[in-house]
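I need the structure of the sequence given here:
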Amino acid sequence: MTTVVQHEIESSRIQRVIREAEELFLQEGFLHFSTNDLAQRLRCSKRTLYSIAADRSSFLEFIIARHLLRLNENMLAAAEAAPDWMSAINAILEATLETFGAEATRFISDLTLFPGGVRLLRQTENARLDILARVIAAGIADGTFRKIDSRLAAYAIIGASRRISEADFLTRSKIPWSHALTGLYQFFSRGLLAPESSRRIQARTARGDLSSVKVLSGNGARPVVAGLISRAKNGRANR
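You can find the predicted model right below:
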């Protein structure tokens, strides 16, 4: 019985350290922390840290991987819940910003300077490309977006997002990462819109009829994005 209780306490302690490490990294970055610093800030022993990962670099990678996987999950959930394709693009942006938080500039900069972080960004990137490409493809199919290769558009968005996340850009531009990413998505979303869709949205905005831009919101219909992504998942499973 004592062993079970001790195991539960240890497991709870480790989960707290992991959770607080992720929060700390997002708020302050991580490259400047030594193992001693991490143990002090996370209120644990170095032994606890080494029970999670073999060394400092492995610990950093563990926390980063956990965060990037959550990012992908949040992006997918946001896209599935969106009522239309334009809203899905905006929802993906909002999910990204919410996952990282408003103070993530230092974390993003450290991520692109840390070889393990760069590797994990690349490893988890295909899921983000897939979400964007499927949303864009569906928007093209129903006339919301202009005719363009959906995969090319997704690569352009992800590639540009990666570039504005690099330390040299953030240092030179002095723009907070969240502001830069928002501006980038606004640029691409306007460029994606088919001319007729753009005119309709501008007219509705001018009239103050903002709710009509989300064409399925409030009518009880199942979000169309969820149907698209479910069908795409089933298609891959059947192949």
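
can you map out the helices along the protein?
Taking DSSP state H, the helices of the chain run over residues 2-28, 35-41, 46-52, 56-81, 85-100, 105-113, 115-141, 150-164, 167-173, 177-192, 195-207, 224-238.

want to try CSV for those, with mean neighbour count and mean pLDDT as columns?
No exception for glycine: its C-beta is placed from N, CA and C like everyone else's. CSV is the format used below for the helices of the chain (neighbours: other CB atoms under 10 Å; pLDDT from 0 to 100):
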stretch, mean neighbour count, mean pLDDT
helix 2-28, 13, 80
helix 35-41, 14, 97
helix 46-52, 15, 95
helix 56-81, 18, 97
helix 85-100, 21, 95
helix 105-113, 20, 96
helix 115-141, 18, 96
helix 150-164, 17, 96
helix 167-173, 13, 93
helix 177-192, 17, 93
helix 195-207, 12, 58
helix 224-238, 14, 50
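
got a list of what V17 touches?
Going by CB atoms under 8 Å, 6 or more residues apart in numbering, V17 touches 42, 44, 48-49, 52.

equivalent analysis for F30, please.
24, 60, 63, 107, 110, 114.

7 Å instead, please
Shown in contact with F30 (CB atoms under 7 Å, 6 or more residues apart in numbering): 60, 107, 110.

give me the distance between the second one and A154.
As for F107, its distance to A154 is 24 Å (criterion: CB to CB, to the nearest Å).

please apply the same query to the last one.
Distance check for D110 against A154: by CB to CB, it reads 26 Å.

closest one of the contacts of F30 to E80?
Nearest to E80, judged by CB to CB, of the contacts of F30 is F107 at 26.3 Å.

got the contact list for that closest one?
For F107, the contacting residues are 25-26, 29-30, 100, by CB under 7 Å, 6+ apart.
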